[in-house]
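Chemist: predicted model and sequence follow; I will ask about them next.
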Amino acid sequence: MTSKIVVLISGSGSNLQAIIDAVKAGQINGEICAVISNRPDAYGLTRAENAGIDTLVLDHKAFDSREDYDAALMEKIDAFNPDLVVLAGFMRILTPGLVQNYLGRMLNIHPSLLPKYQGLNTHQRALDAKDKEHGVSVHFVTEELDGGPVVLQAKVTIESDDTAQTLAQRVHQQEHIIYPLVVQWFCEKRLTMETDNAVLDGQVLPKQGATI
Ligand SMILES: Nc1nc2c(c(=O)[nH]1)N[C@@H](CN(C=O)c1ccc(C(=O)N[C@@H](CCC(=O)O)C(=O)O)cc1)CN2
Ligand SMILES: NCC(=O)N[C@@H]1O[C@H](COP(=O)([O-])[O-])[C@@H](O)[C@H]1O
């Protein structure tokens, strides 16, 4: 049975593109039913249109409150009755009501080695802290911002001449490898969220997720 996927974006959509490519290549047994953006200018919308995927813009600026926005967003998402909701650079903090509705079937990709650097501006924060390594985490979405069970991480070494831009570029490369893999695990029904844990092939994953 092909899994139905709705992807939420806010920007360039390079992670969306990686997932589109993996579906097209048969790596992911799923169908991207729709791509929804909170920003009308997101290039990811063009990527979706080029792939023949339905797109929808739900501009958060058109709503009076976060709750009103999320209620409208839920209505749009549920119209596709997805098995999985993928946040691919979706830059809105989601309210508890929406998160509960998709608990265990909503994934996010975050550009840090969680639990380090939840929130924004992660690359510069890692540089400012003079960290030796950085990376990316794919996790289930819970009410706690970037606090959900981690499924998989990938690491990159921070070089002495790195800027936030050069670091982000190397992190992106890892993102495009691990996100399609995690989506594939979910679509193969190998990956679940049980209480506060990510479980792969029946095994509870460690705090930092699986290692590939
Ligand atoms: N309840 C949750 N909502 C979201 C999660 C989550 O784990 N739980 N993950 C984030 C994704 N994210 C980082 O990975 C993230 C996105 C947005 C923000 C943020 O501060 N957004 C601001 C607006 C910023 C902007 O428009 O540029 C806001 O919503 O006011 C922090 C982290 C997705 N949501
Ligand atoms: N807090 C969420 C966050 O910062 N997510 C990050 O936004 C970028 C989206 O790129 P993309 O639009 O090219 O996929 C990615 O680097 C992702 O890790």
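Modeler: Perfect, thanks for sending it. Ligands and ions are numbered 1, 2, ... in the order given.

Chemist: can we go C-alpha only for contacts and neighbour counts from here?
Modeler: OK.

Chemist: ranges for the helices of this protein?
Modeler: Per DSSP state H, the chain carries helices over the ranges 14-24, 43-50, 66-78, 96-101, 122-128, 164-187.

Chemist: a markdown table for the ones you listed, including mean pLDDT?
Modeler: A markdown table is the format used below for those (pLDDT from 0 to 100):
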| stretch | mean pLDDT |
| --- | --- |
| helix 14-24 | 98 |
| helix 43-50 | 98 |
| helix 66-78 | 98 |
| helix 96-101 | 98 |
| helix 122-128 | 98 |
| helix 164-187 | 98 |
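
Chemist: for ligand 2, find the nearest of these.
Modeler: Closest to ligand 2 of these is helix 14-24 (Cα to the nearest ligand atom; 3.5 Å).

Chemist: using a markdown table, please lay out the helices of the chain together with distance to G148 and mean neighbour count.
Modeler: Below are these laid out as a markdown table (distance: least, Cα to Cα, whole Å; neighbours: other Cα atoms under 10 Å):
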| stretch | distance to G148 | mean neighbour count |
| --- | --- | --- |
| helix 14-24 | 19 | 20 |
| helix 43-50 | 25 | 18 |
| helix 66-78 | 19 | 16 |
| helix 96-101 | 11 | 15 |
| helix 122-128 | 17 | 18 |
| helix 164-187 | 15 | 19 |
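
Chemist: which one of these lies nearest to V138?
Modeler: helix 164-187 (6.7 Å; Cα to Cα).

Chemist: got a pLDDT number for the residue most central in space within the chain?
Modeler: Central residue of the chain (Cα atoms, centre = their mean): N108, 2.7 Å from the mean position. Per-residue confidence (pLDDT) for N108: 98.
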